[in-house]
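Visitor: one predicted model, sequence on top.
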Amino acid sequence: MIGILGGGQLARMLALAAVPLGLRVRTLDPNADSPAGHCAELVVAPYDDPAGLARLAAGCTAVTYEFENVPAAAVERLAGLGVAVRPAAGALAISQDRIPEKDCFNACGLPTAPYRAVDSRADLDAAVAAIGLPGVLKTRRFGYDGKGQKVLRRSEDLDAAWAELGRSPLIYEGFVPFDSECSLIAVRGGDGATAFYPLVENHHRDGILRLSICPGRGTAGLQAEAEAAAGRLLARLDYVGVLAVEFFRVGGRLLGNEMAPRVHNSGHWSIEGAECSQFENHIRAVAGLPLGSTRVRGAAAMVNLIGDFPDLRAVLAEPGVHLHHYGKEPRPGRKIGHLTVVADDHAALLGRLRRLAAVTGLELPGLDG
């Protein structure tokens, strides 16, 4: 039995990957209708509820988590119950705060944009004076999908940004004029074995990931650099499971942006696009099983379905397109499913994506590059 803190779509896909391996999954989530509960045992309780955590851990060989903002107290209580928590609490703590996250990147030889901690309005002035404009002011914790951040382009922007975000600990980062955003999905087993998927190019709109293409265009010469950096992170954190590392590609180099100690949206393409998906490899690592092959079958892409569904009959009529419905009610800005698109090569993949956009009306940024 594998336990999962969180019962959203990531836990759902982890549970679906565990079943063919002969493993059962139990999840904990406050929502009685959480997506993972449709296909796995569900404990309905707050994340920090002692009785709920004890029920989650009972009979489990290991517990993992589907998002990085789970309460640290919950992870500590699980560890106190004698169950292995993978990835370990140290990696979770670092990923929950952008300052130690970037400090960790730099310690592992992965350069980042310049950054400063901001705890007061005077700190913001000092950070802007040191780093310059434009820049990005972000909350240090709990930001996702573009939330909790403001781009500052002029000195006149500082007051409004501080008024909106200044109630939280913040970080100010220099603006990076990147060529593309990309990410690497890495996995490390309990025995120290590592495996890496190809660098993926990511395209966002309104702060939400819309399209990931694998392998990413313009990333072939950067794969070894990305793997080396991720490998150092995995070793430093004594990591077990899947780790996603997001980069900015700037000319011929990579700058570290963020990491996620879990399976990641930009790796969803791997369900049909790789020999062993990120979800199966995470379950393998957490359960102490050998890692699977990360080889890509040609080329693949992931299309997020945000807010509402397109005509699903039209989607399913397209060759090489696979639907993943999360069992969630449509709502503006909500991730309710995704499509994976596979093809023999990049040219065929881009053709299928353009055809998909034409027949469904989906807006897919980045197809003209």
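Guide: Yes, it's here.
Visitor: and Glu41, what does it touch?
Guide: By C-beta atoms under 8 Å, 6 or more residues apart in numbering, the contact set of Glu41 is Arg24, Val25, Arg26, Thr27. Where C-beta positions appear, they are placed from N, C-alpha and C, glycine not excepted.
Visitor: err, Ala32, not the other one
Guide: Applying C-beta under 8 Å, 6+ apart, we find Ala32 in contact with Leu42, Val44.
Visitor: quick one: it from Arg12, how far?
Guide: Distance of Ala32 to Arg12, computed by C-beta to C-beta, to the nearest Å: 15 Å.
Visitor: can you check Ile271 too?
Guide: From Ile271 across to Arg12, the span is 12 Å (C-beta to C-beta).
Visitor: and for Glu258?
Guide: As judged by C-beta to C-beta, Glu258 and Arg12 stand 23 Å apart.
Visitor: more neighbours: these two, which one.
Guide: Taking other C-beta atoms under 10 Å, Glu258 and Arg12 do not tie; Arg12 has more neighbours (28 against 19).
Visitor: contacts only, for that one.
Guide: Residues near Arg12 by C-beta under 8 Å, 6+ apart: Pro35, Ala36, His38, Cys39, Ala40, Tyr326, Gly327.
Visitor: quick one: mean pLDDT for whatever helix or strand it lives in?
Guide: Assigned by DSSP states H and E, Arg12 falls within helix 9-18. The average of the pLDDT scores along helix 9-18 is 98.
Visitor: just checking, next helix/strand downstream of it?
Guide: strand 25-29.
Visitor: point to the residue nearest the middle of this protein.
Guide: Geometric centre of the chain, nearest residue: His264, 3.0 Å, by C-alpha atoms, centre = their mean.
Visitor: and that one, how far from Glu66?
Guide: From His264 across to Glu66, the span is 11 Å (C-beta to C-beta).
Visitor: ditto for Ala300
Guide: 22 Å.
Visitor: for the residue nearest to the centre of the chain, give me the pLDDT.
Guide: 98.
Visitor: packing partners for the lowest-mean-pLDDT helix or strand in the chain?
Guide: The weakest-scoring helix or strand in the chain, judged by mean pLDDT, DSSP states H and E, is helix 72-80 (a mean of 89). Here helix 72-80 touches strand 2-5, helix 50-57, strand 84-85, helix 89-95, going by 3 or more C-beta pairs under 8 Å, 6 or more residues apart in numbering; DSSP states H and E.
Visitor: which SS class is the closest residue to Gly216 other than its chain neighbours?
Guide: For Gly216, ignoring the flanking residues on the chain, the nearest one in space by C-beta to C-beta, 6 or more residues apart in numbering is Glu201 at 3.2 Å. Under DSSP: H, G, I helix; E, B strand; the rest coil, the three-state class of Glu201 is strand.
Visitor: that older thread, deepest of the helices and strands packed on helix 72-80, which one?
Guide: Ranked by mean neighbour count under mean count of other C-beta atoms under 10 Å, those are led by strand 2-5, which reaches a mean of 26.
Visitor: for Gly189, give its distance to Ile283.
Guide: In this view, Gly189 and Ile283 are 11 Å apart by C-beta to C-beta.
Visitor: quick revisit: top of the contacts of Arg12 by neighbour count?
Guide: Sorting the contacts of Arg12 by how many neighbours each has (other C-beta under 10 Å) puts Ala36 first, at 29 neighbours.
Visitor: for it, give me phi and psi.
Guide: Dihedral pair for Ala36: phi -70, psi -30, per degrees, to the nearest 10.
Visitor: hang on, isn't it packed against Val43?
Guide: No: Ala36 is beyond contact range of Val43, at 10.7 Å (criterion: C-beta atoms under 8 Å).
Visitor: what touches both of these two?
Guide: With contacts taken as C-beta under 8 Å, 6+ apart, Ala36 and Val43 have Thr27, Asp29 as neighbours in common.
Visitor: on that earlier part again, quick check: the residue nearest to Gly216 touching Ser180?
Guide: Yes: counting by C-beta under 8 Å, Glu201 does reach Ser180; the two are 5.2 Å apart.
Visitor: and those two? Which one has more around it.
Guide: Between Glu201 and Ser180, counted using other C-beta under 10 Å, Glu201 has the larger neighbour count: 23 against 19.
Visitor: local confidence estimate at the more buried one?
Guide: We note a pLDDT of 97 for Glu201 in this prediction.
Visitor: give the contact list for it.
Guide: Taking C-beta under 8 Å, 6+ apart, we find Glu201 in contact with Ser180, Glu181, Cys182, Ser212, Ile213, Cys214, Gly216, Arg217, Gly218, Thr219, Gly366.
Visitor: next: Val341.
Guide: Taking C-beta under 8 Å, 6+ apart as the definition, contacts of Val341 comprise Trp269, Ala300, Ala301, Met302, Val303, Gly320, Val321, His322, Leu349, Arg352, Leu353, Leu356.
Visitor: let's go with 6 Å and repeat that
Guide: Contacts here follow C-beta atoms under 6 Å, 6 or more residues apart in numbering; on that basis Val341 touches Ala301, Gly320, Val321, Arg352, Leu353.
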